[in-house]
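Colleague: What follows is a predicted protein model with its sequence.
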Amino acid sequence: MFLNRFDGQSKLLVRALMSGASGVHRAVSVFHRQQRANPEMSLSSLVETLCQDEISCPQTESQALTVKPLVCLFPSLFKQNLLSFIHLVHSVLPQTSVLHLLKCLSQDPHPNPWVTTLGRQLERGLGVHNEEPLYTPLCSQRLKELTQRLAGVGETSGWAKCLSGQTIESGSQSASGLLELGTQRKRKSSFVSPDSGGEEMGQQSKRIKMDVCGSECVDAEEQSANEETSGRFEKDAAEETPAEELQPAPDTDSLPEHIKVSVLQIKELLESHTEWDQSSMDVFKVLNDCDPAQVEVLCSTLSLSDLPEQTLPKLCSSVLALSPDLSYSTAATLIKSLLLEKVLSLSEPASRCLVTAVTSLCSHYPRPMCHSLIEPVLMEKNIGNPQAELLNRLIEGCLDSHYKLLLLQMTFKTVWSEAVLSIIHSLLDSKPDLNEEVFSQFTEQLVSQGPQFTKSVKFAKMMLTVLTKYSSHVTAAHKHSLSSCLMLNETFLKKSLQAALKRITHT
């Protein structure tokens, strides 16, 4: 439910930041795509929403309701990704907004050390004087102990001599064990002598130092607090956010070996800049071997939502060439993963590549397209003319009458806007086969949602289409309802609307 607090563009960024370890990279990619489409785009709306007060429900009956900034209710991984993201793009944000966000994060009753450190580092980057160290007191103590153990072990080969002759206690793991682990990771050699020195030893020592520091600084209580907060958010946002975006990484271990191999082949193909031959296209046959859950993992692993638009036509051609056709669930998952985020983020007319991909898949898989792409776009509160133009292309060139009727019924479930009015008008112009029940439902929508469009020319033109092209459907009861609706109209088409309604007679 937290995702409903954000507008369309901010919601895409939030979903990207929730997508695990790759969240920062995905958010930057989404932001740059939005910025290219709309150079005036600002992140202020995202930050303002995150700083809004939100009621926090108690975990137990004995606890009282509390009010916290919305950002404090997100899991720690999201906060870490958010601060790293802002560090990369803070130049487009006012300094006061960033400082306000950091102040809100400081109200977290269970602060995560990494979030605290990233916040302090961001403050320093903004020029704010903060003398507090970036590391925790526990980490400071461990570093002091490590420094004392290393003192006086030699000038040129101190790390090597230390690791070969002394023991660094880190729980149950010793430095010699770390050295052995580091040795196993060497690519060109199976054994490294502590006395060999040189560049290879220096590189290995860097890895060992990082391992020792990382293993010493983990705090079990901090991990517990992070998991508790993360679980809370995932429960609230489960219906809004795809499951793969709530996980640190897709669970590729659940895939059979032959599918894993195909995923690697597809990934290499998508990243190549060469022409695809028939053998290349054949790797997509694996889609017919996957069940719905495996298709989701495959799409997530390939990061199809981040695929460059110029690659879409080739990919769609390969999918459309498959025989037999994909099942409904596989096609729906593929379309949603590949196209939904791209369409929702449009702020200018869709590119030729995107239009080609959407229309080709819609012509071949109309039902999955209606449910996995068109319906979510219609339900989005902030869709604009670019989305409406793209959907109108599909209505005019790709969908049969019964699918157009399905889309018209979908519009009954959403709040109308100027963009939705354009889509409804396009549906009505295409003359779907309206039965009496659907037309009555549509009339009820006209009457209930009409008062907010008293000055809308688009709404007036849509009404004129209803009264001229569907006059045979208008009953006496409909006529009475529509008459009261037209009385509120304030456009130049009011007289034409009243005249068209008056011409409708009943025998």
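Modeller: Okay, I see it.

Colleague: CA atoms for contacts and neighbours, from now on please.
Modeller: Noted.

Colleague: what bits of the stretch 1-150 of the chain have low per-residue confidence?
Modeller: 1, 57-64, 128-136 (pLDDT under 70).

Colleague: Show the residue spans covered by the helices in it.
Modeller: Taking DSSP state H, counting those that start in this stretch as the test, the helices found in the stretch 1-150 of the chain are 8-17, 23-37, 44-50, 76-89, 95-105, 113-125, 137-150.

Colleague: Relative to residue 422, which of these is closest?
Modeller: helix 8-17 (19.1 Å; Cα to Cα).

Colleague: And that closest one, what does it pack against?
Modeller: Counting contacts by 3 or more Cα pairs under 8 Å, 6 or more residues apart in numbering; DSSP states H and E, helix 8-17 packs against helix 23-37, helix 76-89, helix 341-344.

Colleague: Export those as CSV, with columns for distance to residue 372 and mean neighbour count.
Modeller: Formatted as CSV, the helices and strands packed on helix 8-17 follow (distance: least, Cα to Cα, whole Å; neighbours: other Cα atoms under 10 Å):
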stretch, distance to residue 372, mean neighbour count
helix 23-37, 20, 19
helix 76-89, 26, 21
helix 341-344, 11, 20
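
Colleague: Reformat the ones you listed as a markdown table; add distance to residue 471.
Modeller: Listed next are these as a markdown table, based on distance: least, Cα to Cα, whole Å:
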| stretch | distance to residue 471 |
| --- | --- |
| helix 23-37 | 42 |
| helix 76-89 | 54 |
| helix 341-344 | 35 |
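
Colleague: who wins for proximity to residue 70 among those?
Modeller: Across the helices and strands packed on helix 8-17, residue 70 has its closest neighbour in helix 76-89 (11.3 Å, Cα to Cα).

Colleague: Now do the closest one against helix 113-125, angle only.
Modeller: Per axes from the mean of the first three to the mean of the last three Cα atoms, to 10 degrees, the angle that helix 76-89 makes with helix 113-125 is 20 degrees.

Colleague: Would you enumerate the residues in contact with residue 401?
Modeller: Counting by Cα atoms under 8 Å, 6 or more residues apart in numbering, residue 401 touches 431, 432, 433.

Colleague: Show the backbone phi and psi for the first one.
Modeller: So that's residue 431. When read as degrees, to the nearest 10, the backbone of residue 431 gives phi 50, psi 60.

Colleague: And the nearest residue to it once chain neighbours are set aside, how far from residue 361?
Modeller: Distance criterion Cα to Cα, 6 or more residues apart in numbering; nearest residue to residue 431, sequence neighbours excluded, is residue 401 at 7.7 Å. Applying Cα to Cα, to the nearest Å, the value for residue 401 to residue 361 is 18 Å.

Colleague: what about residue 339, how many residues close to it?
Modeller: By the criterion of other Cα atoms under 10 Å, residue 339 has 22 neighbours.

Colleague: Pretty sure it sits in a strand.
Modeller: No - under DSSP: H, G, I helix; E, B strand; the rest coil, residue 339 sits outside any strand and is assigned helix.

Colleague: Count the neighbours of residue 460 for me.
Modeller: By other Cα under 10 Å, neighbour count at residue 460 equals 24.

Colleague: Was I right to think it contacts residue 491?
Modeller: Yes - between residue 460 and residue 491 there is a contact under Cα atoms under 8 Å: 7.3 Å.

Colleague: Summarise which helices and strands the helix or strand where residue 362 lies is packed against.
Modeller: Assessed by DSSP states H and E, residue 362 sits inside helix 352-364. Contact analysis of helix 352-364 by 3+ Cα pairs under 8 Å, 6+ apart lists helix 312-320, helix 385-397 as its packing neighbours.

Colleague: Pipe those helices into JSON lines and attach mean neighbour count per row.
Modeller: As requested, the helices and strands packed on helix 352-364 are arranged in JSON lines below (neighbours: other Cα atoms under 10 Å):
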{"stretch": "helix 312-320", "mean neighbour count": "18"}
{"stretch": "helix 385-397", "mean neighbour count": "19"}
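
Colleague: rewinding a little: out of the helices and strands packed on helix 8-17, nearest to residue 282?
Modeller: Closest to residue 282 of these is helix 341-344 (Cα to Cα; 25.8 Å).

Colleague: can I get the CA coordinates of the closest one in PDB?
Modeller: Extracted C-alpha coordinates of helix 341-344, given in PDB (Å, rounded to 0.1, in the frame of the first residue of the first chain):
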ATOM      1  CA  GLU A 341       7.800  -0.400 -17.300                       C
ATOM      2  CA  LYS A 342       8.800   1.100 -20.600                       C
ATOM      3  CA  VAL A 343       5.300   2.000 -21.400                       C
ATOM      4  CA  LEU A 344       4.500   3.400 -18.000                       C
END
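
Colleague: Now it: average pLDDT?
Modeller: What helix 341-344 shows for mean pLDDT is 92.

Colleague: Can you show me the strands along this structure?
Modeller: Remark: strands assigned in the chain by DSSP state E are 53-56, 66-69.

Colleague: Please name the strands paired to the last one in the sheet, noting orientation.
Modeller: Sheet pairing of strand 66-69 (DSSP bridges) gives strand 53-56 (antiparallel).

Colleague: got the buried residues for the strand it pairs with?
Modeller: Using 16 or more other Cα atoms under 10 Å as the test for burial, strand 53-56 gives residue 54.

Colleague: go on, stretch 451-467?
Modeller: Within stretch 451-467, the residues that count as buried by 16+ other Cα under 10 Å are 453-454, 457-467.

Colleague: Let me know the average pLDDT across it.
Modeller: Average pLDDT, stretch 451-467: 90.

Colleague: pLDDT weak spots in the stretch 401-507 of the chain?
Modeller: Counting by pLDDT under 70, the ranges of the stretch 401-507 of the chain that qualify are 506-507.
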